[in-house]
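Chemist: Give me coordinates for this.
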Amino acid sequence: MTKLDKFSPLEKFEGIEEYWSPKIAAEFNGQQMRLAKLKGEFVWHSHEHEDEVFFVLDGELKIELRDRTINLKSGEVFVVPRGVEHRPVAESEVRVMLIEPAETVNTGATQSEWTQKNIGWV
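Modeler: Just a heads-up that it's a prediction; the model follows:
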């Protein structure tokens with residue numbers, strides 16, 4: 001795919017098999033559009049220098065914050081501000097688009113089994 005090709009994010013999910021393993025679908029202006037399938041509970045983490053955009057394409061996702069929970073349905077978006085500790089939780093499979101700077105590590109400074117520093121393309 002070149003930058004001049006169109007694509008369907010929903011069709012790209014066919015190339016994603018693992019949960020909590022984001023893949024790059026597009027890159028622009030130092031930002032990446034990452035696609036991920038989520039299921040279960042992720043780790044509590046924050047991103048010191050980056051905001052993180054969660055756009056739910058299919059399913060329902062909870063973003064737990066220390067003082068409240070944000071419930072997202074298909075078509076809804078939530079921006080987690082930089083420095084805010086959060087934990088995504090998906091009771092059943094959810095398909096999300098994440099938009100964040102290319103250097104963003106998915107678990108922030110928190111190291112876990114889900115930490116991915118070299119994210120591949122889908």
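Chemist: Please compute how far the lengthiest strand in the chain lies from its chain's middle.
Modeler: For the chain, the strand that runs over the most residues, judged by DSSP state E, is strand 86-101. Distance of strand 86-101 from the chain centroid (C-alpha atoms, centre = their mean, to the nearest Å) equals 5 Å.
Chemist: buried sites along that strand?
Modeler: By 16 or more other C-beta atoms under 10 Å, the buried positions in strand 86-101 come out as 86, 88, 89, 90, 94, 95, 96, 97, 98, 99, 100. (Each C-beta comes from the backbone N, C-alpha and C, glycine too.)
Chemist: With stretch 48-61 instead?
Modeler: 50, 52, 53, 54, 55, 56, 59, 60, 61.
Chemist: Among those residues, which lie within strands?
Modeler: With strands defined by DSSP E, the entries of the buried residues of stretch 48-61 inside them are 52, 53, 54, 55, 56, 60, 61.
Chemist: Looking at those residues, which two lie furthest apart in space?
Modeler: 52 and 60 (18.2 Å; C-beta to C-beta).
Chemist: could you point out where the protein is predicted with low confidence?
Modeler: Low-confidence segments of the chain (pLDDT under 70): 1-3.
Chemist: quick one, strands of it?
Modeler: Along the chain, counting by DSSP E, strands occupy 23-28, 31-41, 52-58, 60-65, 69-73, 77-80, 86-101.
Chemist: Leaving out sequence neighbours, find the closest residue to residue 60.
Modeler: Closest residue in space to residue 60, ignoring its immediate chain neighbours: residue 73 at 5.4 Å, by C-beta to C-beta, 6 or more residues apart in numbering.
Chemist: any idea how far that neighbour lies from residue 37?
Modeler: Computed as C-beta to C-beta, to the nearest Å, the residue 73 to residue 37 distance reads 17 Å.
Chemist: tell me which residues of stretch 102-111 are tucked away?
Modeler: For stretch 102-111, the neighbour count (16+ other C-beta under 10 Å) marks 104, 105, 106, 107, 108 as buried.
Chemist: of all those residues, which two lie farthest apart?
Modeler: Spanning the widest gap among the buried residues of stretch 102-111 are 104 and 107, at 9.9 Å by C-beta to C-beta.
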